[in-house]
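[1] Any chance you can model this:
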Amino acid sequence: MGPRQASIRALLKKVGSQVRQIEAEYNKSLHAKAIDPGLRVDIKNACENLRSVLDYLAVDIRERHCPQASSKDRFYFPILPDKKTFDSRLDQWFPGLRQAAPAVVSALEAVQPFQSGQEWLGHFNRLNTENKHCDLVEQTRVETQETKVTRQGGQVSWTSGVTFGQGVSVMGVPIDPRTQLPVPHPSLKVERITWVDFQFATIEVSALGLLKKALNGISTIEATIRPLLYDSAG
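    Down below sits the predicted model:
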């Protein structure tokens, strides 16, 4: 194992510990209905460590498969918004990679945020870019109230923002427009659940949720691409 790969493993282990601590502090902040300033710093540091993993991986790709690349060029791990930009930047930052290691190129393209299910990487990249020289962006506490109605054989639910008028029934039981709940009935179980989270204001995603996705996703990216760097078949 080379020193850079050892650093990557150390960083991923460190972020795993950071996320566990952040989750505990996150829950305390939710209870207090205010974000502890230290929590912002902890999230920012964890994101920076994850970004370093991608940066190390990008350097390994260049060193292994792009010998003609200039050491003076600026380059990044590719996180691009569309296929056209991806193709252009890939050839600019990793000259010769398509010919030397097409499997690596395919793996890089598969994780881009324009691919279904990979949107988190675009959010992560935007978060790091916007906070490169400043504090973590403002987080907003968001509460979503869900009403869940259960009856033998089925369940219906709706969130705050849905309004019922006269004459509406749910599972055969009328809704009281004043309470927006089914009238009491022995066959129904009615629950009001409040979901609470902190979101990054500019990207409107859960702060803790994004951090967990980034840890899992970047760990997977590294584990997928690393073996391909040394696959003689490219």
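
[2] distance between stretch 203-215 and the chain's centre?
    4 Å (Cα atoms, centre = their mean, to the nearest Å).

[3] ok, residues contacting it?
    With contacts defined as Cβ atoms under 8 Å, 6 or more residues apart in numbering, stretch 203-215 is touched by 12, 15-16, 19, 22-23, 26, 43, 46-47, 50, 120-121, 123-124, 126-127, 139, 197-200. Just so you know, the C-beta spots here come from the backbone N, C-alpha and C atoms, and that holds for glycine as well.

[4] now the spatially most central residue of the chain: how far from Tyr56?
    Centroid check for the chain by Cα atoms, centre = their mean gives Leu210 as the closest residue, at 3.2 Å. From Leu210 across to Tyr56, the span is 21 Å (Cβ to Cβ, to the nearest Å).

[5] quick one, phi psi at Val205?
    Here is the backbone geometry of Val205 (degrees, to the nearest 10): phi -130, psi 150.

[6] ok, it to Gln112 distance?
    Distance of Val205 to Gln112, given as Cβ to Cβ: 18 Å.

[7] More neighbours: the two, which one.
    Neighbour count, other Cβ atoms under 10 Å: between Val205 and Gln112, Gln112 has more, with 20 against 17.

[8] need the strands for this structure, in chain order.
    139-151, 154-159, 169-170, 173-176, 181-182, 189-200, 205-206 (DSSP state E).

[9] could these be laid out in TSV, adding mean pLDDT?
    Formatted as TSV, the strands of the chain follow (pLDDT from 0 to 100):
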stretch	mean pLDDT
strand 139-151	82
strand 154-159	85
strand 169-170	88
strand 173-176	91
strand 181-182	88
strand 189-200	83
strand 205-206	88
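
[10] Next, format those as TSV and append distance to Pro78.
    Below are these laid out as TSV (distance: least, Cβ to Cβ, whole Å):
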stretch	distance to Pro78
strand 139-151	28
strand 154-159	37
strand 169-170	49
strand 173-176	51
strand 181-182	51
strand 189-200	22
strand 205-206	21
